[in-house]
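Visitor: Let's see this in three dimensions:
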Amino acid sequence: MRFTRQVLLLQIGVVVLVVGLGVALISWLLRTTLTEQYGERALAIAKSVATEPVVIAGAASRKPNADLQQRVEAETQTDDALLFVVITDDHGIRLAHPTLSAVGKRVSSPWEEVIAGNDVVSEFNAGTLGPSVRSKTPIKQGSRVVGEVSVGYRVGELTGDFNRLFILTMVFGGGALLIGAGASALLNRRLRRVTHGLEPHELTELLYEREAVLHGIGEGVLAVDAEHRVTVRNDEAERLLGTPLPVGAPLEELDLSPRVHKAVAEGRPVDNLLAVAGNRVLVINSRAVQRDERALGTVLTFRDRTDLDTLTRELDGIRSLSDGLRAQRHEFANRLHTLSGLLQLGHHTEAEDYLQTLTETTASRAEPLDDRVTDPYLQALLVAKTEQAQEKGMELRLADDAWVPASVTDPIAAGTVIGNLVDNALHAARMGPRRPAWVEVGLLADGATLHVSVVDSGPGIDETLRDKLFDEGVSTKLSPGHGLGLALARQAARARDGDVWLADPGGATTGALFVAKLPGLLDRPEETDA
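Guide: Numbers count the residues shown, from 1 in each chain. Prediction:
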């Protein structure tokens with residue numbers, strides 16, 4: 001049996017039980033109340049008869065007489081519901097009775113309590129005339145009890161009144177039962193609609209599947225409702241975003257990347273949107289969810305691209321270096337062919353001059369790789385960027401005051417900060433009006449802290465971009481997919497309690513000057529005190 005049907009039957013059973021108990025209670029109260037009412041009416045008649053002088057005198061004489069009999073018959077004739085009026089003496093002997101043959105005989109019901117001076121109200125007794133509700137009161141002559149008056153009402157009258165009231169109660173009880181059953185049916189229908197007709201075990205399976213999917217995948221998942229409040233999230237989402245995501249919290253109150261808010265606010269599918277969270281680069285995908293033309297919210301997924309970007313940067317460096325070496329190889333082959341031709345033609349003097357020129361050019365290219373920077377990672381990065389600059393017709397040089405005689409403890413952080421600053425500087429220099437285009441890199445060790453400065457010959461930073469230069473998505477490049485380098489560089493520096501900032505936006509002689517401070521990046525502070 002379906003769970004909703006079980007709930008319906010259980011609710012109807014509860015309603016039937018409650019209505020049945022209510023009807024039983026009301027029936028008992030009705031019967032009790034009616035019995036008391038008839039008893040009070042009987043007692044009132046008995047007191048009225050007991051106070052008449054003829055009755056008092058007749059009871060005191062202890063002898064039946066016609067006056068007492070007439071009084072009894074007159075009282076029973078005035079009320080059809082009245083079964084009897086009986087007068088006895090102080091020994092329970094009947095002095096007047098509706099049945100003449102019963103006169104002079106002792107009453108069938110107890111009479112001692114009444115003779116003691118007490119009233120008896122609503123006593124149910126079968127009696128000689130049939131079942132009745134009777135009340136008794138003593139007949140007093142002065143302070144002495146000389147007899148009793150007993151008045152009884154037919155039980156049939158009581159039963160008739162009770163039946164009428166009971167039928168009315170049953171009608172109301174039936175109405176309450178129908179209303180309860182209807183309300184239960186509506187509640188059952190509501191339950192089916194809310195649960196979409198799913199059984200409890202199916203809901204349990206859905207819960208298990210939801211937990212398995214949310215916490216069993218390698219991607220972060222964040223769902224918000226139509227009001228942009230967090231409804232569902234997994235641990236991976238909190239780890240990647242680097243902040244707690246309490247359920248029910250408004251998204252705008254959370255410390256998240258502006259691109260996360262943008263993906264939610266757009267209300268349309270977003271694919272492969274890059275964002276920076278801490279020292280991570282995330283790929284965001286979002287989908288708006290609807291059901292029956294009703295907006296339910298937005299689901300976002302996050303993938304970590306940090307390792308991929310690191311490998312990409314390293315691959316770019318290796319590719320740049322290999323391209324440079326390949327170009328040098330071709331250039332070297334051309335030079336060898338030229339030298340061979342000069343020797344074959346007997347131009348020995350020209351061959352010597354040509355060799356001297358080649359030697360001077362090679363020596364000038366090796367200038368950035370002197371002992372001022374001893375770390376192999378920094379050297380490799382500078383060589384790769386130098387070759388990249390030369391391929392584009394630019395010059396990348398090391399500042400005269402550069403001095404780093406220590407090893408780098410975190411090559412990835414160094415590559416992220418220096419690589420992004422140099423790449424941006426090369427782009428600015430190439431796009432700038434000054435020729436020859438150049439970029440100057442300054443590296444200075446101060447204990448365990450590495451100070452970096454990068455300046456170029458470009459046009460500088462436009463005033464409208466200076467305040468938001470480190471925001472995600474802000475870039476001077478026209479092609480899409482840019483605007484993360486400076487934000488990522490600053491995040492990597494701040495992760496080490498350092499920073500990256502714009503020291504000079506540029507002017508008439510030079511382009512922008514960016515400065516970075518990277519504490520704890522060098523491992524020989526005792527030998528690098530500035």
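Visitor: mind checking how far stretch 372-382 is from the chain centre?
Guide: Put simply, stretch 372-382 sits 51 Å off its chain's centre (Cα atoms, centre = their mean, to the nearest Å).
Visitor: and that stretch, which residues are buried?
Guide: Using 16 or more other Cβ atoms under 10 Å as the test for burial, stretch 372-382 gives 372-373, 375, 377-378, 380-382. Yep, even glycine has a C-beta here, placed from its N, CA and C like the rest.
Visitor: Please name the nearest non-neighbouring residue to residue 195.
Guide: Of all residues not flanking residue 195 in the chain, residue 203 sits nearest, at 6.6 Å (Cβ to Cβ, 6 or more residues apart in numbering).
Visitor: Distance check, the one you found against residue 7.
Guide: The spacing between residue 203 and residue 7, counted by Cβ to Cβ, to the nearest Å, is 14 Å.
Visitor: next one: residue 405
Guide: 79 Å.
Visitor: residues making contact with stretch 67-84?
Guide: With Cβ atoms under 8 Å, 6 or more residues apart in numbering as the contact definition, stretch 67-84 has outside contacts at 45, 49, 52, 54-55, 58, 85-87, 95-98, 100, 103, 127, 129-130, 132, 150-154, 157.
Visitor: how about the helices in the stretch 101-250 of the chain?
Guide: Taking DSSP state H, counting those that start in this stretch as the criterion, the stretch 101-250 of the chain carries its helices at 112-115, 155-194, 200-216, 235-241.
Visitor: Please disregard the earlier target; I meant the chain.
Guide: All helices of the chain, identified by DSSP state H, fall at 3-50, 53-61, 66-78, 112-115, 155-194, 200-216, 235-241, 258-266, 306-344, 348-365, 376-391, 411-431, 485-494.
Visitor: List the buried residues for the second one?
Guide: Of the residues in helix 53-61, 55-56, 58-60 count as buried by neighbour count, 16+ other Cβ under 10 Å.
Visitor: Check the residues you listed and tell me the two furthest apart.
Guide: Between any two of these, the greatest separation by Cβ to Cβ is 9.6 Å, found for 55 and 60.
Visitor: Kindly provide the whole-number mean pLDDT of stretch 143-162.
Guide: Mean per-residue pLDDT for stretch 143-162: 79.
Visitor: And it, what's buried?
Guide: 145-155, 157-158, 161-162.
Visitor: Which single one of those is nearest to residue 189?
Guide: Using Cβ to Cβ, those come closest to residue 189 at residue 162, 39.8 Å.
Visitor: so that closest one touches residue 34, yeah?
Guide: Yes. Counting by Cβ atoms under 8 Å, residue 162 does reach residue 34; the two are 5.6 Å apart.
Visitor: what's the overlap in contacts for these two?
Guide: The contact sets of residue 162 and residue 34 do not overlap (Cβ under 8 Å, 6+ apart).
Visitor: helices and strands of the chain: which one has the lowest mean pLDDT?
Guide: Using mean pLDDT, DSSP states H and E, the weakest-scoring helix or strand in the chain turns out to be helix 348-365, at a mean of 68.
Visitor: Where does the prediction get shaky in the stretch 51-200 of the chain?
Guide: Counting by pLDDT under 70, the stretch 51-200 of the chain shows low-confidence ranges at 123-131, 156-161.
Visitor: that older thread, pick the most buried one from the helices of the stretch 101-250 of the chain.
Guide: Most buried of those, by mean neighbour count (mean count of other Cβ atoms under 10 Å): helix 235-241, with a mean of 19.
Visitor: Who are the packing partners of that helix?
Guide: Where contact means 3 or more Cβ pairs under 8 Å, 6 or more residues apart in numbering; DSSP states H and E, helix 235-241 is packed against strand 220-224, strand 280-291, strand 294-304.
Visitor: Touching that helix from outside, list them.
Guide: By Cβ under 8 Å, 6+ apart, helix 235-241 touches 215, 217-222, 244-245, 256-257, 260, 277, 280, 282, 302, 304.
Visitor: Would you mind listing which of those residues are buried?
Guide: 220-222, 245, 256-257, 260, 277, 280, 282, 302, 304.
Visitor: Can you list the buried residues in stretch 496-515?
Guide: 496, 498, 500, 502, 506, 510-515.
Visitor: Ends of that stretch, what's the gap?
Guide: 15 Å (Cα to Cα, to the nearest Å).
Visitor: Need the mean per-residue confidence for it.
Guide: Here the average pLDDT along stretch 496-515 is 90.
Visitor: Same question for stretch 446-454.
Guide: Stretch 446-454 comes out at a mean pLDDT of 93.
Visitor: give the contact list for residue 189.
Guide: The contact partners of residue 189, by Cβ under 8 Å, 6+ apart, come to none.
Visitor: what do you get for residue 513?
Guide: By Cβ under 8 Å, 6+ apart, the contact list for residue 513 reads 453-455, 502-504, 506.
Visitor: Which one of those residues is nearest to residue 429?
Guide: residue 455 (9.6 Å).
Visitor: So for the closest one, what's the nearest residue that isn't a sequence neighbour?
Guide: Nearest residue to residue 455, sequence neighbours excluded (Cβ to Cβ, 6+ apart): residue 513, at 4.4 Å.
Visitor: so how far is residue 250 from the one you found?
Guide: From residue 513 over to residue 250 (counting by Cβ to Cβ), the distance is 40 Å.
Visitor: How about residue 289?
Guide: Counting by Cβ to Cβ - residue 289 and residue 250 are separated by 18 Å.
Visitor: What of residue 300?
Guide: Noted for residue 300: a distance of 15 Å to residue 250, by Cβ to Cβ.
Visitor: who's more crowded, the two?
Guide: Comparing residue 300 with residue 250 by other Cβ atoms under 10 Å, the one with more neighbours is residue 300, at 24 against 11.
Visitor: Which pLDDT value does the model give the more buried one?
Guide: Confidence at residue 300, expressed as pLDDT, is 89.
Visitor: Look up the residues forming beta bridges with it.
Guide: residue 222, residue 286 (DSSP bridges).
Visitor: That one against residue 285, yeah?
Guide: Yes. Residue 300 lies in contact with residue 285 (Cβ under 8 Å); the separation is 7.0 Å.
Visitor: related to what we said a few turns ago, among the helices of the chain, which comes closest to residue 293?
Guide: Residue 293 sits nearest to helix 155-194 of all these, at 16.6 Å, using Cβ to Cβ.
Visitor: roughly how far is that closest one from the heart of the chain?
Guide: Mean-position distance between helix 155-194 and its chain equals 41 Å (Cα atoms, centre = their mean).
Visitor: do the same with stretch 76-83
Guide: Relative to its chain's centre, stretch 76-83 lies at 76 Å (Cα atoms, centre = their mean).
Visitor: And for stretch 47-58?
Guide: Chain-centre distance of stretch 47-58: 84 Å, with Cα atoms, centre = their mean.
Visitor: again, but for stretch 255-268
Guide: With Cα atoms, centre = their mean, you get 20 Å for stretch 255-268.
Visitor: For that stretch, give me every contacting residue.
Guide: Residues contacting stretch 255-268 (Cβ under 8 Å, 6+ apart): 224, 228, 241, 243, 251-252, 270, 273-277, 282, 284, 286, 288, 298, 300, 471-473.
Visitor: Stretch 22-29: which residues count as buried?
Guide: Residues 23, 26 are the ones in stretch 22-29 that count as buried (16+ other Cβ under 10 Å).
Visitor: Output it in CSV with nothing but the alpha carbons.
Guide: C-alpha atoms of stretch 22-29 as CSV (Å, rounded to 0.1, in the frame of the first residue of the first chain):
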residue,chain,number,x,y,z
GLY,A,22,-16.8,12.5,21.5
VAL,A,23,-20.2,11.0,20.8
ALA,A,24,-19.9,8.5,23.6
LEU,A,25,-18.9,11.3,26.1
ILE,A,26,-21.7,13.5,24.9
SER,A,27,-24.2,10.6,25.2
TRP,A,28,-23.2,9.9,28.7
LEU,A,29,-23.4,13.6,29.6
